[in-house]
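J.: Here is a sequence together with a model predicted from it:
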There are 2 protein chains.
Amino acid sequence: MKNQVLKKLVIFGVGLIGGSVATTLKKAGSSAEIVGVGRSSESLQTAIDLNVIDTASSNIAEALLHADIVLIAAPVAQTPLILNAIKPHLHADTVVTDAGSTKSDVLACAKEILGEQFTQFVGGHPIAGAEKSGVTAATADLYINKNVVLTPTLDTNQNAVQRVRELWQNCGANVTEMPAETHDGIFAAVSHLPHLLAFALVDDIASRANAEQLFGFAASGFRDFTRIAGSHPEMWRDISLANKTALLNEITAYQDELSRLKQMLEHDDGDALHALFERASTARNNWAKLKEQ
Amino acid sequence: MKNQVLKKLVIFGVGLIGGSVATTLKKAGSSAEIVGVGRSSESLQTAIDLNVIDTASSNIAEALLHADIVLIAAPVAQTPLILNAIKPHLHADTVVTDAGSTKSDVLACAKEILGEQFTQFVGGHPIAGAEKSGVTAATADLYINKNVVLTPTLDTNQNAVQRVRELWQNCGANVTEMPAETHDGIFAAVSHLPHLLAFALVDDIASRANAEQLFGFAASGFRDFTRIAGSHPEMWRDISLANKTALLNEITAYQDELSRLKQMLEHDDGDALHALFERASTARNNWAKLKEQ
């Protein structure tokens, strides 16, 4: 299928995620007009100065006029506010998409707010990020070979899905479609649970009387294991609550796994411990090899 | 106190750990004779070819003659065998030390095997390692600014402790002394538990019907969190069993922390989740800043 020409893209939240989409399109020679909308006029001005966006707008009606795609890339908690703000000005041929880490909650919210225009909404999740945030961290290679998941529903307009797919493919990403529930289950397991486990470990250690001594002897294994515990508290509160059901299932499954491990230790079952560690080690190293390719 | 001259060092297990001690001493201009003892004559020959050690020996009586220090740096499971092998040839003025990750078990074993000569044994644990292993990975900077913990007992000869302290200080390490139980408690929390948590997560995911799909969407957070799950299964079986008591306490404390976290989620307690994530995130980032200095 031939790509449809993108003439106007409106980005709500021009930070690392939205700014990298804009920068990538510009670098690829796209002639699309890119308009930024955001809470901070200072960071929008920075985005203009860096030639990430063409213009900034605080007038939503004007911003949405003739827009092909609206990309919501602001902190997830703002999604309902943004959807409410755009609803009165949303033209029938404009596609709306987002970049949030959870999808069932976003779809429910979009359905409620957009009503009949929910057909124009395509849930999206680019699996990319970096230590840094903000538009100054935006780069044209953030999405190359990264996964982007789209979660269309039976209601979603197929052309809208195609437009969003092309947007991300033009950024170099591999686009996959799946139901929102499947997405949320997968990311509860491979992203949200590990974040919670890392937060829990650091909090457990930090709360002890000998915390300073413990941290003093923590080394490189601890450093890597807990890197994600340095993540943004608000963001992870929002993700945890948004994906509560899947996450609770994951925590329960993990607690069961820990109980099994504990039993092996209690019974001095070296064979069972070795078998578990070997399965994990083989799976981890095979995964790393595949990822490196 | 003036350093005592090291004339002869015998290393059992010339791999990354033992080989790096030897290389560092040689690079610093030490005139000590360095003798390697090991199971693989091939890797000992490599160590000679790389000028890491001066000679290899399979005659323990000969190797131990006039030895100032014997460093046991072989896989921990071999420690009893090695102690039994050196016992008949151990001179009164030779100090024996090790490099194992757990200390209470090593001290108990050394006490049992060495008997009255247990006073000459100093438990040690260099907190250093690398992705690679083997003598070819040995480097002269492995221990620079790294922690080495020594665990002398009331029985231990003070001069023996001083000799081992000097050995590690000459490698650039920061040497700390503490009781073996304190050591094992600290490393259960900041090293052994994180390893078990990472193994458990990967094993849990790898055992599922949709494992391939899950691994397919795992990204950089998962990569760092699970890096230590790629560690050596035998080594971690041995460490887990050797430090069983402290590790079981840690697993129980962690399960309690997870239950608290689960309750916060079940009650949609965003404030409590945010507070926990913020405590963890602040502690993690402060730790990382201190470590970078």
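T.: Sure, I can see it.

J.: At which residues are the helices of the stretch 151-293 of chain A located?
T.: Counting by DSSP state H, counting those that start in this stretch, the stretch 151-293 of chain A has these helices, from start to end: A:158-169, A:180-187, A:193-206, A:211-217, A:220-225, A:233-242, A:244-266, A:270-292.

J.: hey, which of those is tucked in deepest?
T.: Stretch with highest mean neighbour count among the helices of the stretch 151-293 of chain A: helix A:193-206 (a mean of 25; mean count of other C-beta atoms under 10 Å in any protein chain shown). (C-beta placed from N, C-alpha, C; glycine too.)

J.: Kindly calculate the angle that it makes with helix B:244-266.
T.: Inter-element angle recorded for helix A:193-206 and helix B:244-266: 120 degrees (by axes from the mean of the first three to the mean of the last three C-alpha atoms, to 10 degrees).

J.: before we move on, the earlier item: what would the helices of the stretch 151-293 of chain A look like in TSV with mean pLDDT and distance to chain B?
T.: Output for these, formatted as TSV (pLDDT from 0 to 100; distance: least, C-beta to the nearest C-beta, whole Å):
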stretch	mean pLDDT	distance to chain B
helix A:158-169	98	15
helix A:180-187	98	5
helix A:193-206	98	4
helix A:211-217	96	5
helix A:220-225	94	4
helix A:233-242	94	4
helix A:244-266	97	5
helix A:270-292	95	4
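
J.: what's the closest of those helices to residue A:82?
T.: helix A:233-242 (14.3 Å; C-beta to C-beta).

J.: where does the stretch 51-200 of chain A come near chain B, residue by residue?
T.: Counting by C-beta under 8 Å from any C-beta of the partner chain, the stretch 51-200 of chain A comes close to chain B at A:127-129, A:146-147, A:149, A:186-187, A:189-191, A:193-200.

J.: Need the helices of the stretch 151-293 of chain A in CSV (columns: distance to residue A:8).
T.: Formatted as CSV, the helices of the stretch 151-293 of chain A follow (distance: least, C-beta to C-beta, whole Å):
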stretch, distance to residue A:8
helix A:158-169, 12
helix A:180-187, 27
helix A:193-206, 36
helix A:211-217, 51
helix A:220-225, 43
helix A:233-242, 29
helix A:244-266, 36
helix A:270-292, 36
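
J.: count of residues packed around residue A:79?
T.: Residue A:79 is flanked by 23 other residues according to other C-beta atoms under 10 Å in any protein chain shown.

J.: How confident is the prediction for it, by pLDDT?
T.: Listed pLDDT for residue A:79 reads 95.

J.: Could you list every helix and strand that the host helix or strand of it packs against?
T.: If you go by DSSP states H and E, residue A:79 is part of helix A:79-86. For helix A:79-86, the packing partners by 3 or more C-beta pairs under 8 Å, 6 or more residues apart in numbering or on different chains; DSSP states H and E come out as helix A:60-64, strand A:69-72, strand A:95-98, helix A:104-114.

J.: Including mean neighbour count, distance to residue A:208 and mean pLDDT, could these go into a markdown table?
T.: Output for those, formatted as a markdown table (neighbours: other C-beta atoms under 10 Å in any protein chain shown; distance: least, C-beta to C-beta, whole Å; pLDDT from 0 to 100):
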| stretch | mean neighbour count | distance to residue A:208 | mean pLDDT |
| --- | --- | --- | --- |
| helix A:60-64 | 17 | 50 | 97 |
| strand A:69-72 | 25 | 41 | 98 |
| strand A:95-98 | 25 | 40 | 98 |
| helix A:104-114 | 19 | 35 | 97 |
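
J.: among the ones you listed, which is nearest residue A:181?
T.: Smallest distance to residue A:181 across the helices and strands packed on helix A:79-86 (C-beta to C-beta): 5.9 Å, for helix A:104-114.

J.: Checking my notes, residue A:39 in a helix, right?
T.: No. Counting by DSSP: H, G, I helix; E, B strand; the rest coil, residue A:39 is not found in a helix; it is coil.

J.: Next, the contact list for it, please.
T.: Neighbouring residues of residue A:39 by C-beta atoms under 8 Å, 6 or more residues apart in numbering or on different chains: residue A:74.

J.: repeat for the one 5 residues further on
T.: The contact partners of residue A:44, by C-beta under 8 Å, 6+ apart, come to A:14, A:36-38, A:53, A:56.

J.: For it, pull up the helix or strand it's in.
T.: Taking DSSP H and E as the criterion, residue A:44 maps to helix A:41-49.

J.: got the CA coordinates for that helix in PDB?
T.: Once non-C-alpha atoms are left out, helix A:41-49 reads as follows in PDB (Å, rounded to 0.1, in the frame of the first residue of the first chain):
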ATOM      1  CA  SER A  41       5.600  27.600  26.300                       C
ATOM      2  CA  GLU A  42       9.300  27.600  27.200                       C
ATOM      3  CA  SER A  43       9.800  24.000  26.100                       C
ATOM      4  CA  LEU A  44       7.700  24.600  23.000                       C
ATOM      5  CA  GLN A  45      10.000  27.600  22.200                       C
ATOM      6  CA  THR A  46      13.000  25.300  22.600                       C
ATOM      7  CA  ALA A  47      11.400  22.800  20.200                       C
ATOM      8  CA  ILE A  48      11.000  25.600  17.700                       C
ATOM      9  CA  ASP A  49      14.600  26.800  18.200                       C
END
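
J.: Could you point out the helix or strand that follows it?
T.: Moving toward the C-terminus from helix A:41-49, the next helix or strand (DSSP H and E) is strand A:55-56.

J.: in its sheet, what does that next one sit against?
T.: strand A:33-37 (parallel) (DSSP bridges).

J.: ok and the helix holding residue A:79 relative to helix A:233-242, angle-wise?
T.: Computed by the same axes, to 10 degrees, the angle between helix A:79-86 and helix A:233-242 is 90 degrees.

J.: pLDDT score assigned to residue A:76?
T.: pLDDT, residue A:76: 86.

J.: element containing the residue lying closest to it once chain neighbours are set aside, please.
T.: In this structure, residue A:76 finds its nearest non-sequential neighbour in residue A:100, 4.5 Å apart by C-beta to C-beta, 6 or more residues apart in numbering or on different chains. Taking DSSP H and E as the definition, residue A:100 sits outside all helices and strands.

J.: before we move on, the earlier item: show me which of the contacts of residue A:44 has the smallest pLDDT value.
T.: Confidence-wise, residue A:38 trails the rest of these, at 91.

J.: I figured that one hits residue A:19, correct?
T.: No. At 10.4 Å, residue A:38 does not count as touching residue A:19 under the criterion of C-beta atoms under 8 Å.

J.: ok, the residue positioned nearest the centre of chain A - contacts?
T.: Nearest to the geometric centre of chain A sits residue A:101, at 3.6 Å (C-alpha atoms, centre = their mean). Residue A:101 makes contact with A:76, A:125, A:187, A:191-192, A:239, A:242-243 under the criterion C-beta under 8 Å, 6+ apart.

J.: mind redoing it with 6 Å?
T.: By C-beta atoms under 6 Å, 6 or more residues apart in numbering or on different chains, the residues touching residue A:101 are residue A:239.

J.: Over to residue A:236?
T.: Residue A:236 is in contact with A:195, B:277, counting by C-beta under 6 Å, 6+ apart.

J.: give me that answer again for 8 Å
T.: A:195-196, A:199, B:273, B:277.

J.: do residue A:207 as well
T.: residue B:279.

J.: Also the one 4 residues further on?
T.: For residue A:211, the residues meeting the contact criterion (C-beta under 8 Å, 6+ apart) are A:205, B:283.

J.: Give me the distance between it and residue A:204.
T.: 10 Å (C-beta to C-beta, to the nearest Å).

J.: And residue A:125, by the same measure?
T.: From residue A:125 across to residue A:204, the span is 30 Å (C-beta to C-beta).

J.: same thing with residue A:228?
T.: In this view, residue A:228 and residue A:204 are 15 Å apart by C-beta to C-beta.

J.: do the same with residue A:136
T.: 35 Å.
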